[in-house]
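In: The following block contains a protein sequence and its predicted model.
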Amino acid sequence: MIDTVMIPISQLRTNEGQIEGVIANPRIILNEEFSNLCQSIEDNPEMLELRELLVYKSGDDYIVIGGNMRLQAMRTLQYRECPCKIIPQDTSPEELTDIMMKDNIHYGEEDAELMKDWVDVADEIAEKEEQEEAKKSISFMLSPEQFKFVKQKLNRINKDDNAEALMQCINQYRQRYGQA
């Protein structure tokens, strides 16, 4: 059994054919699909521990044999380290190529009826997430004077400030107008 190891992302390299006898990774991911992959990792980072990068040590670095698109996404998401399975050093170039190809082949076909169920479940999950997000917002009625006060305070809060600045604004509002 090969253990999972956390490897600094700075030591991971996409497979560009650096290993003699191993072809470069032929896959690319662009635009919306890449955004979807990044979002998927943000939403469920634990999946990375279930589907680690497959890497092979080459000098001081590790070449990604399986998971090059995930590596790109983790770089974009500013990960510092990645869960990896290190392929043994005695693995031949032919075996490495075989691993890479099998990791990237999409076997089988989708059952249209079952895929409809998957889409339905995905839609339900998205709807629940939207409802949860909606619960995080608040709304209330303000008089014109109260609105002007809150607007002035919020305009002073820099985008980079944290929730503490917003809490100060709310506390100032409470001092001036009572409990919100």
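Out: The structure has been received and is ready for your questions.
In: Do you have the strands of this structure handy? List them.
Out: 4-8, 12-14, 53-58, 61-66, 81-87 (DSSP state E).
In: Out of the ones you listed, which one sits most buried?
Out: Stretch with highest mean neighbour count among the strands of the chain: strand 61-66 (a mean of 22; mean count of other CB atoms under 10 Å). C-beta: built from backbone N, CA, C; applies to glycine.
In: model confidence over that one, on average?
Out: For strand 61-66, the mean per-residue pLDDT is 96.
In: Output the contacting helices and strands for it.
Out: strand 12-14, strand 53-58, strand 81-87, helix 93-104 (3 or more CB pairs under 8 Å, 6 or more residues apart in numbering; DSSP states H and E).
In: Mind checking the ones you listed for the one nearest to residue 143?
Out: Proximity to residue 143 (CB to CB) singles out strand 81-87 among the helices and strands packed on strand 61-66, at 52.1 Å.
In: In its sheet, which strands sit next to the closest one, and in what direction?
Out: According to DSSP bridges, strand 81-87 has the following sheet partners: strand 4-8 (antiparallel), strand 53-58 (parallel).
In: Looking at the helices and strands packed on strand 61-66, spot the one closest to residue 41.
Out: Among the helices and strands packed on strand 61-66, strand 81-87 comes nearest to residue 41, with 10.6 Å by CB to CB.
In: Show me what the closest one is in contact with.
Out: Here strand 81-87 makes contact (CB atoms under 8 Å, 6 or more residues apart in numbering) with 2-9, 12, 48-49, 52-57, 62, 65, 71, 74, 96, 99.
In: cutoff 10 Å now
Out: 1-12, 45-46, 48-57, 62-67, 70-71, 74-75, 95-96, 99 (CB atoms under 10 Å, 6 or more residues apart in numbering).
In: what do you get for stretch 14-22?
Out: Residues contacting stretch 14-22 (CB under 10 Å, 6+ apart): 23-27, 54-56, 58-59, 61, 63-69, 71-72, 75, 91-100.
In: Residue 37: neighbouring residues, count only.
Out: Counted with other CB atoms under 10 Å, residues neighbouring residue 37 total 18.
In: Please tell me how far the nearest residue to it once chain neighbours are set aside sits from residue 150.
Out: Counting by CB to CB, 6 or more residues apart in numbering, residue 37 lies nearest to residue 73, which is 4.7 Å off, once chain neighbours are set aside. Plainly put, residue 73 is 39 Å away from residue 150 if you go by CB to CB, to the nearest Å.
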